[in-house]
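*Asks:* Based on what follows, work out the 3D shape:
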Amino acid sequence: MPTFLPRFTIEQPSTLAEASQMLASYGEDARAYAGGTELLLAMKHAGLRYERLVDIKTIRGLESVEERDSSVRIGALATHLSIERSPLVRNRLPALAELEANVANPRVRATGTLGGNLCFAEPHSDPATLLLCLEARLEIAGPDGERELGIEEFLVGPYEVALGVGELLKAITVPLPGPGQRAVYRKFQVHERPMLGLALVLDLDEPDRHIRSARVAVGSASPTPRRGAAAEKLLGGALAQVERRLDEAADSLADDAELLDGRRRRPVWLSNRPPLGAPSRRRRQGHRPGGVHGRHPSAPDGVRQGASQSAGTRADQVD
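*Replies:* Just a heads-up that it's a prediction; the model follows:
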């Protein structure tokens, strides 16, 4: 198996429109390139081969993190490290900041981008699971203008996203939480590789100890992150009643997940004791593959549980 990068040409557009035109013109022979922590590795091992990489790091303004229209808008080229250190994210979306602080390793956090992580669509990845529960929206730019998709619409399957020819992910927009919203993310992992992730977002009426609504999703074990509608219903209501339904909610969430290997994994920490009071802080038509096709080798033994609101991932390539 090759252990060196094949020859390729780097293109450096100065605008999104120029990058979009390049990708549309070169077609299957080209790929957008940002941090490249997963893309270059796949090319090095002959998992992917492109004659041209369109380096979108030369496009200014795609790395910003700002508050806009009651949301936090994160540019597709914002690195995991910059998101982790953003005062805005730390203050308004602390669960996301904590997740980014635990992505993979320092090298990946410094160079890898959130947009690239989402576009590579690696199933064993965490950000999409939490963003799904936070109801994030993705801004996409292409030859026919701009459009928005939710996480569940964008992630078509393993390494496959709903980007058309010449389209690029521009930004991720996350609604600001209300005063009663609490969010948390937990994972089980092998070394840097997450094997099971769980995101939980609750809308609480704390004086009355009542959960107005819940959003819960499982990731890493499924082809794409999956919310559990039945589990979410069980997690609403009076806090004392919800705690008696935790086992049932955990079983329901496991039943709803389409597992990668067909094995049923119960989200144990949910059934034991969720952080209900934790502080909030193709290549079908129109779809493009997000990364390497095929399955990863079986993970080694030694799964460990990550800390509350932790995450780990190793993808960074914006398509």
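
*Asks:* residue boundaries of the strands in the stretch 101-250 of the chain?
*Replies:* Counting by DSSP state E, counting those that start in this stretch, one finds strands in the stretch 101-250 of the chain at the ranges 137-142, 145-150, 155-157, 160-161, 168-175, 181-190, 193-205, 210-219, 226-227, 237-238.

*Asks:* Ala217 versus the residue nearest the centre of the chain, what's the distance?
*Replies:* When the chain is reduced to its mean C-alpha position, the nearest residue by Cα atoms, centre = their mean turns out to be Ala128, at 2.2 Å. Spatial separation of Ala128 from Ala217 under the definition Cβ to Cβ, to the nearest Å is 9 Å. C-beta: built from backbone N, CA, C; applies to glycine.

*Asks:* what residues do the two have in common as contacts?
*Replies:* When contacts are counted by Cβ atoms under 8 Å, 6 or more residues apart in numbering, Ala128 and Ala217 have Pro225 as shared neighbours.

*Asks:* Correct me if wrong: the residue nearest to the centre of the chain contacts Leu118.
*Replies:* Yes: judged on Cβ atoms under 8 Å, Ala128 makes contact with Leu118 at a distance of 6.0 Å.

*Asks:* what touches both of these two?
*Replies:* Between them, Ala128 and Leu118 have 151, 155 as joint contacts when contacts are counted by Cβ under 8 Å, 6+ apart.

*Asks:* that older thread, out of the strands of the stretch 101-250 of the chain, the one nearest Glu67 is which?
*Replies:* Shortest distance between Glu67 and the strands of the stretch 101-250 of the chain, using Cβ to Cβ, is found for strand 168-175: 10.4 Å.

*Asks:* Can you mark which positions in the closest one are buried?
*Replies:* Taking 16 or more other Cβ atoms under 10 Å as the neighbour-count basis, strand 168-175 is seen to contain the buried residues 168-174.

*Asks:* Tell me the neighbouring strands of it, and mark each as parallel or antiparallel.
*Replies:* Partner strands for strand 168-175, per DSSP bridges, with pairing direction: strand 71-75 (antiparallel), strand 137-142 (antiparallel).

*Asks:* quick one: average pLDDT of that strand?
*Replies:* Averaged over strand 168-175, pLDDT sits at 98.

*Asks:* quick one: terminal-to-terminal distance for stretch 78-91?
*Replies:* Taking Cα to Cα, to the nearest Å, the first and last residues of stretch 78-91 lie 17 Å apart.

*Asks:* and the protein, what are its domains?
*Replies:* Structural domains assigned to the chain are 9-58, 65-176, 181-272, following automatic domain parsing.
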